[in-house]
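Peer 1: model this:
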Amino acid sequence: MITAIVVMRRTIHKMSYSSYFWKNNVLIVCNRRFQLSKCSANKVEKKIKGDEDVDDKPITYSTSRAAQWSSRQTFGELPKDKRMPELQPPAVLISLVAFLVYFCILREENDIDEKLKGNLLEKVDGLEEVSIVAAIKNMKGQGLDTSQLEARLKELREQK
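Peer 2: The predicted structure follows:
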């Protein structure tokens with residue numbers, strides 16, 4: 001297994017491929033343009049056997065070629081059909097500005113806006129009582145005074 005890793009590492013280093021994997025004793029490599037090529041383990045080992053500078057020492061990253069390698073060298077420029085259209089950022093910005101201007105400045109209030117204004121506790125029956133009971137329980141757990149809330153709760157129950 002260690003031999004296979006060394007074989008792969010040296011082969012990839014020499015061929016400048018960006019990704020690789022073994023499948024059924026066949027090395028599958030993907031080069032910079034993402035084209036797959038295959039070579040058997042025997043062919044890879046024959047290429048490596050001629051290479052005498054293979055050693056078992058770890059490779060120092062800062063002195064290797066990988067330290068100066070940029071992602072652009074691996075992936076290159078995107079083809080024109082895969083790039084973002086040049087007019088997309090200004091089109092999105094103009095649409096966003098138009099949306100905000102309409103909804104924040106130009107739009108007049110209607111009956112739905114009027115219904116949404118106001119205090120929610122007055123519109124939903126029983127909501128204030130439920131929220132006061134929850135607040136009393138929370139404040140008692142913290143050891144705080146609940147006399148004002150209890151007085152308001154008593155008031156609400158008398159009104160019913």
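
Peer 1: okay, CA-based contacts and neighbour counts for the rest of this
Peer 2: Will do.

Peer 1: count of neighbours near Ile136?
Peer 2: Ile136: 19 surrounding residues under other Cα atoms under 10 Å.

Peer 1: same question, the one 3 residues further on
Peer 2: Met139 is surrounded by 14 other residues when neighbours are defined as other Cα under 10 Å.

Peer 1: tell me the contacts of Gly143?
Peer 2: Residues near Gly143 by Cα atoms under 8 Å, 6 or more residues apart in numbering: none.

Peer 1: per-residue confidence at it?
Peer 2: Looking at Gly143, its pLDDT is 93.

Peer 1: how much space between it and Lys137?
Peer 2: Counting by Cα to Cα, to the nearest Å, the gap from Gly143 to Lys137 is 10 Å.

Peer 1: repeat that for Gln68.
Peer 2: Counting by Cα to Cα, the gap from Gln68 to Lys137 is 63 Å.

Peer 1: so for the two, which residue has more residues nearby?
Peer 2: Of the pair Gln68 and Lys137, Lys137 is the one with more neighbours under other Cα under 10 Å, namely 13 against 9.
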